[in-house]
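Novice: no sequence on hand, only this structure:
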């Protein structure tokens, strides 16, 4: 996940026209193209600010892992598993208060 995050960082910070001209997407698996599009959306949310409801989707995997660790949660697993774990933890904390 962290390697993919670094690659997505590189592609999203590069000159978009240069990437479009020089990178062949012909052999790219469709799930990677979707991941890249999701990454671009998350990047736009981070740059434009996001509401509390979608703040996790705009966070990097490393940020999600740090947040999970701070809450005493498991830091292994996919982005989706981390987000679900953090949300369950926060919902439980809100229910207790």
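Specialist: Noted; the coordinates are in hand. Since the structure is predicted, the reported quantities are computational estimates derived from the model, not experimental observations.

Novice: got a list of what the most centrally placed residue in the chain touches?
Specialist: Closest residue to the average C-alpha location of the chain: residue 60 at 4.4 Å, with C-alpha atoms, centre = their mean. By C-beta atoms under 8 Å, 6 or more residues apart in numbering, the contact set of residue 60 is residue 5. Backbone N, C-alpha and C define where each C-beta goes, glycine included.

Novice: again, but for the one 5 residues further on
Specialist: Listed by C-beta under 8 Å, 6+ apart, the contact set of residue 65 reads 75, 82.

Novice: tell me which element it is part of?
Specialist: helix 61-70 (DSSP states H and E).

Novice: following the chain past that helix, name the next helix or strand.
Specialist: Next helix or strand after helix 61-70 toward the C-terminus (DSSP H and E): helix 79-96.

Novice: contacts for that next one, please.
Specialist: Contacts for helix 79-96 (C-beta under 8 Å, 6+ apart): 1, 56-57, 61, 64-65, 67-68, 71, 73-75, 77.

Novice: if you rank the residues you listed by neighbours, which is first?
Specialist: residue 64 (24 neighbours; other C-beta atoms under 10 Å).

Novice: measure that one to residue 71 for me?
Specialist: Going from residue 64 to residue 71 by C-beta to C-beta, to the nearest Å gives 11 Å.

Novice: and what of residue 32?
Specialist: On the measure of C-beta to C-beta, residue 32 and residue 71 end up 30 Å apart.

Novice: and for residue 58?
Specialist: 18 Å.

Novice: before we move on, what about residue 39?
Specialist: From residue 39 to residue 71 the distance is 25 Å (C-beta to C-beta).

Novice: residue ranges in the protein under the pLDDT threshold?
Specialist: Residue ranges of the chain with pLDDT under 70: 1, 45-54, 97.
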